[in-house]
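Visitor: Next input, structure requested:
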Amino acid sequence: MHTVDIKVHPFVAAFVNKLWKSTTAVELLGKFMIELKTMVETHLNRPITNVMFTVAVSFSRLQLNWIRCACAMADLKVIRLMPQPTAVPLWHVVHQLNSSASSHEDMDNESMKIALIFNMDAGYCDVSVIETKKGKFRIKALTGSSIVGEDLLGNMIIHDVINKLSSQTSVEVDLDLGYGLKIHKVVTRKLFEEVNKEVFEKCEKLIIQCLQDAKIEVENINDVIIVGGCCNIPRVKNLVTKICNGKEIYKGMNPLNDVLCGAAVAGAVDDDAIGNMDLFASSKWKGNL
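Guide: Numbering: from 1, shown residues only. Just a heads-up that it's a prediction; the model follows:
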C-alpha cells in the first residue's frame, strides 16, 4: 500500500450503491491483516502473534507507524520493518551457501563478490549494492524513491496490460467506464515505454546514484539481480543491463519470491544473527533492523 504524497490522513474511497464510501488506508490495511492472520492460523492450525514487514526504502517514519498501527489492529507484533533491498541479500547469501554445499565447494574460500540489486514494483523503485564474502554480506549503498506521481499503473490504467506487454508487443484494451462510455485501444510496447519514459529515467538515475554512493565501478559487479513485480518488463531489464555494461541478469533465484524468502529468513533468526551478516543500512533504518 503506497500512501506517499496524499497528506497526513490518506483514505480510500469507492462508489457503492450510489453512495461514496471511504476508509483510511490504515484501517484498510488493518482489515487486510486481520483476514490474512485468520487464513494463516487456519492453514497452520496455530496462533500467529508476530509479523515481518518488508517496505520500500522511500517509506517515511509516518508510513512505518501506519504499518505498526494496522498490525496492532490485528493483534500482531511487528518484529521487524525491513527495507526490501536488505531482504534480498539475505536470501542471496542463503542461496549461495546452498549452491556451494550442493557442488561441494568451500564457501569460506570464496572471494569477495559485488551484487547490484534492483527492486521495482508499481509504486516505487529501490536499488542496493552489496558485498558478499564467506557467507556474509554488507550493504555498501542503498537508495530508493517513490514513483507514485508517474506510476506505471496510473499511466496504463490496467495492471493486466503491463503483464501482457512483458511477453507481447501489443495488447487490445476494452474498458467499460459505465454511463455508456467505453474505450477500445491497441496499446503497443513502444507506446507503453513512451508513456512511462520519465519513470524509467528516474529508475536509471537511482541505479547510477547507488553505484556512485557505493563507489563501485560497473565492471566490478559480479551479479545483477532484478526482483519485484516489474522484473519481467523488457524495458526494466534493458535499462539495468545497459548501465551494467551488458552484464547478464542473475538467474539463480525467483525474482517474485526473493524478497519474501529473505524476510522469512530474517524473521526466523534473532537480531544478533542478522548483525553477524554484517548488514549496515543507512541511519534511517538502524532502529528497525
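
Visitor: got any ranges where the stretch 151-289 of the chain has weak pLDDT?
Guide: Where the stretch 151-289 of the chain drops to pLDDT under 70, the residues are 151-159, 177, 270-289.

Visitor: I'd like the distance between the closest residue to Leu256 other than its chain neighbours and Asn163.
Guide: Counting by Cβ to Cβ, 6 or more residues apart in numbering, Cys231 is the residue found nearest to Leu256 once chain neighbours are left out, at 6.8 Å. C-beta here means a position set from N, CA and C on the backbone, and glycine is covered the same way. Cys231 sits 11 Å away from Asn163, taking Cβ to Cβ, to the nearest Å as the criterion.

Visitor: more neighbours, these two?
Guide: More neighbours surround Cys231 than the other of Cys231 and Asn163, with 21 against 14 (other Cβ atoms under 10 Å).

Visitor: circling back: in this model Pro255 seems to touch the residue nearest to Leu256, though I could be wrong.
Guide: Yes: between Cys231 and Pro255 there is a contact at 4.0 Å, judged by Cβ atoms under 8 Å.

Visitor: what touches both of the two?
Guide: With contacts taken as Cβ atoms under 8 Å, 6 or more residues apart in numbering, not a single residue reaches both Cys231 and Pro255.

Visitor: Name the residues of stretch 211-220 that are buried.
Guide: For stretch 211-220, a neighbour-count test (16 or more other Cβ atoms under 10 Å) marks Leu211, Asp213, Ala214, Ile216, Val218 as buried.

Visitor: before we move on, what about stretch 224-241?
Guide: 224-233, 235-237, 239-240.

Visitor: which one of these is nearest Val171?
Guide: Ile233 (13.2 Å; Cβ to Cβ).

Visitor: correct me, but the closest one touches Ile162?
Guide: Yes: contact criterion Cβ under 8 Å: Ile233 and Ile162 qualify, at 7.0 Å.

Visitor: got any residues that touch both of those two?
Guide: What both Ile233 and Ile162 touch, as defined by Cβ under 8 Å, 6+ apart, is an empty set.

Visitor: Pro85 - that's part of a helix, no?
Guide: Yes: under DSSP: H, G, I helix; E, B strand; the rest coil, Pro85 sits within a helix.

Visitor: For it, which non-adjacent residue is closest in space?
Guide: Nearest to Pro85 is Ser128, by Cβ to Cβ, 6+ apart, at 3.6 Å.

Visitor: Against Ala263, how distant is the one you found?
Guide: Distance of Ser128 to Ala263, given as Cβ to Cβ: 15 Å.

Visitor: more neighbours, these two?
Guide: The residue with more neighbours, out of Ser128 and Ala263, is Ser128; 27 against 22, by other Cβ under 10 Å.

Visitor: For that one, list each beta-bridge partner.
Guide: Using DSSP bridges, the bridge partners assigned to Ser128 are Ile117, Leu142.

Visitor: Same question for the one 5 residues further on.
Guide: Taking DSSP bridges, one finds Lys136 as the beta-bridge partners of Lys133.
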